[in-house]
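S.K.: I would like the atomic coordinates for the input below:
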Amino acid sequence: MDVRIGIVQTPKELEVEVSEDADREALLQDIETALAGDAVLWLTDRRGRRVGVPVAKVAYVEVGAPTPDRRVGFGAP
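M.R.: Next up is the predicted model:
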């Protein structure tokens, strides 16, 4: 599952690949809790690395589908 975070005044976004077995609803709840306070949003990627973003710098958070349905080539919609 992919999590994309837009950072204020930065043209690039931060992309974190969370493990496929992560609970999507629990992840969303953790993100909402962190954004409600004045803290750091911590996420752990599928390799076990931790990524921290100060909540004051978060522009948006996009949580992808649990299973990516990306198709490439002539058959892609």
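S.K.: Gly52: what secondary structure?
M.R.: strand (DSSP: H, G, I helix; E, B strand; the rest coil).
S.K.: For it, list each beta-bridge partner.
M.R.: Taking DSSP bridges as the rule, Gly52 bridges to Trp42.
S.K.: Please tell me I have it right and it contacts Leu41.
M.R.: Yes - shown here, Gly52 and Leu41 form a contact pair, counting by Cβ atoms under 8 Å, at 6.9 Å. Where you see a C-beta, it was placed from the backbone N, CA and C, and this is true even at glycine.
S.K.: if I look at Val18, how far off is Leu27?
M.R.: 7 Å (Cβ to Cβ, to the nearest Å).
S.K.: what does Asp45 give?
M.R.: From Asp45 over to Leu27 (counting by Cβ to Cβ), the distance is 12 Å.
S.K.: what's the answer for Ala39, then?
M.R.: 16 Å.
S.K.: ok, back up a step: shared neighbours, Asp45 and Leu27?
M.R.: Common neighbours of Asp45 and Leu27, using Cβ atoms under 8 Å, 6 or more residues apart in numbering, are Val18.
S.K.: Common neighbours of Val18 and Leu27, please.
M.R.: The contact lists of Val18 and Leu27 share Met1, Val3, where a contact means Cβ under 8 Å, 6+ apart.
S.K.: the more surrounded of those two?
M.R.: Val18 (19 against 16; other Cβ atoms under 10 Å).
S.K.: confidence score at the more buried one?
M.R.: The score at Val18 is 89. That number is its pLDDT.
S.K.: residues contacting it?
M.R.: By Cβ under 8 Å, 6+ apart, the residues touching Val18 are Met1, Asp2, Val3, Leu27, Leu43, Thr44, Asp45, Arg46.
S.K.: among these, which two are most distant?
M.R.: Pairwise distances across the contacts of Val18 (Cβ to Cβ) peak at 13.9 Å, for the pair Asp2 and Thr44.
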